[in-house]
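**Q** no sequence for this one, just the structure:
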């Protein structure tokens, strides 16, 4: 009797339009990655093709629910209904995308904010300033002292920029680890200027930054814009002992005859030194214990 009962398989998420943000990324990845038409394998365009993805339906559901609820709380507090959000959940070891949240409404099939909405990244850039310095281990360590005094800088256009710490206080000096843990702006700017804007930019590019990047001091406090997707790629590289695995959603593609058209065999690339990655991650871990 049990053998005759239905399996109770879920309907295809692609067929029924669920998980629009994730599925739009799958389609984009297929379009950009594969130049060969699937019809060459089947004789009938896309007929019988099976696409295996990295989607984790539980992670997708939990991520959507938690973000929607959080936005609802903010909207009530601010008496507005215009807030939005996005979220990317990835396995940093493999680069597998587990969930993509494109907006607060899970049934919305339009603009994918997780991939296309670009916003200033703010203090998210600071670990890459630290990693850039630590790659020059002969000169910098987490204990290296940085000046924390009033500064004023000019860009190539002659515009003056005078950043402040969030509490508008100056401490005279602060170590690299304390500056990162407590997110002190002035020491981080001083460190970035010491190692060089071009070197910080190069570190970002190695980690996966693909957007345009204008070199100016304000970039050291995150006055550069990108998407949640690209920030996730940057942090994947940093978290994975400096080894970058491109974020992706497609694990495999097989034909109707069960021949493997594509299999996920992406090799990692060392983009940040293992030592700099380890020390930066250690400092970031302290943020959760003692920092902001």
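**A** Cool, got the structure. Since the structure is predicted, the reported quantities are computational estimates derived from the model, not experimental observations.
**Q** rest of the way, CA atoms for contacts and neighbours
**A** OK.
**Q** outside of stretch 275-288, which residues touch it?
**A** Residues from elsewhere that reach stretch 275-288, judged by Cα atoms under 8 Å, 6 or more residues apart in numbering: 127, 130-132, 134-135, 142, 177, 180-182, 238-239, 241-242.
**Q** could I have the buried ones of those residues as PyMOL selection syntax?
**A** One line in PyMOL is enough to select the buried members of those, burial here meaning 16 or more other Cα atoms under 10 Å:
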select buried, resi 127+130+131+132+134+135+142+177+180+181+238+239+241+242
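**Q** would you map the strands across the stretch 101-250 of the chain?
**A** 119-120, 145-148, 153-154, 160-161, 172-175, 225-226, 243-244, 250-254 (DSSP state E, counting those that start in this stretch).
**Q** just these: most buried one?
**A** strand 243-244 (a mean of 24; mean count of other Cα atoms under 10 Å).
**Q** strand partners (parallel or antiparallel) of it?
**A** According to DSSP bridges, strand 243-244 has the following sheet partners: strand 269-270 (antiparallel).
**Q** residues in contact with the partner strand?
**A** Residues outside strand 269-270 that contact it (Cα under 8 Å, 6+ apart): 242-245.
**Q** stretch 97-116 too?
**A** 18-22, 54-57, 59-60, 63-64, 67-68, 71, 84-91, 227-230, 247-249.
**Q** a markdown table for the strands of the stretch 101-250 of the chain, including mean pLDDT?
**A** Putting these into a markdown table (pLDDT from 0 to 100) gives the following:
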| stretch | mean pLDDT |
| --- | --- |
| strand 119-120 | 96 |
| strand 145-148 | 98 |
| strand 153-154 | 87 |
| strand 160-161 | 89 |
| strand 172-175 | 98 |
| strand 225-226 | 96 |
| strand 243-244 | 97 |
| strand 250-254 | 92 |
